[in-house]
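Asker: Quick check, what structure comes out for this input:
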Amino acid sequence: MKNAKGVPADRFSAMTRLDQNRAKAQLALKAKKHWSEVKNVIIWGNHSNTQYPDWHHATISGQAAAKAVNDDAWLQGPFLKTVQERGKAIIEARGKSSALSAAQAACDHARSLYSVTTADDSVALCVYSDGSYGTPEGIISGFPCTTDGKGNWKIVQGLAMNDFSKQKAAITWKELCDEREMVKDLLG
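Answerer: Reported below is the predicted structural model:
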């Protein structure tokens, strides 16, 4: 992005849709529902094991995800770990990555940009941070976003973040800042 002079920052987005799909699937399985009934899962950070799949604004069949799942220990432990490390688990089990899941997520990412998504069912996109939610400005991070069907996205504003969410998001944002500094050091 920094080398694409003249291309606005809002033309760039990175894929956290694979992680959103995995989080939706885990929540659906736990609640014994279909994944399509899971809405508004947020992925803070990026595709790494520090990402934070946030269920606090998610719903399952119109019910708060936490209530539908009814297992805080699972949400704060195995759910997070499973989503964060799913790729690693697949490689260990199969000896290779899940190319089909990534391909599906790429299609879902593009479909989200060229379909209308609303705050009622936001999409997780990694986009250029404007400082929303306390995210360091200028990093590329996952946010809940809406799209207009023409390739444009907007960060959903005004969602409350509890202390647990702030703590988990801060870990992934720190990693992104550290990576940015490392790249700056490498490039001199």
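
Asker: Mean pLDDT per helix and strand in this protein: which one sits at the bottom?
Answerer: helix 80-94 (a mean of 74; mean pLDDT, DSSP states H and E).

Asker: quick one: contacts for Trp180?
Answerer: Trp isn't right for residue 180; it's Arg. The neighbours of Arg180, taking Cβ atoms under 8 Å, 6 or more residues apart in numbering as the test, are Gly138, Ile139. All C-beta spots, glycine's among them, are computed from the backbone N, C-alpha and C.

Asker: Please identify the buried residues of the host helix or strand of it?
Answerer: Counting by DSSP states H and E, the element that carries Arg180 is helix 163-187. Buried positions in helix 163-187, judged by neighbour count with 16 or more other Cβ atoms under 10 Å: Ser165, Lys168, Ala169, Ala170, Thr172, Trp173, Glu175, Leu176.

Asker: again, but for stretch 22-30
Answerer: For stretch 22-30, by 16+ other Cβ under 10 Å, it's Arg22, Ala23, Lys24, Ala25, Gln26, Leu27, Ala28, Lys30.

Asker: Surely the third one is in contact with Val41?
Answerer: Just to be clear, that refers to Lys24. Yes - contact criterion Cβ atoms under 8 Å: Lys24 and Val41 qualify, at 5.4 Å.

Asker: which ones are touching the residue nearest in space to the middle of the chain?
Answerer: Central residue of the chain (Cα atoms, centre = their mean): Ile43, 2.3 Å from the mean position. Going by Cβ under 8 Å, 6+ apart, Ile43 touches Thr16, Asp19, Gln20, Ala23, Gln51, Tyr52, Pro53, Asp54, Ala124, Cys126, Gly142.
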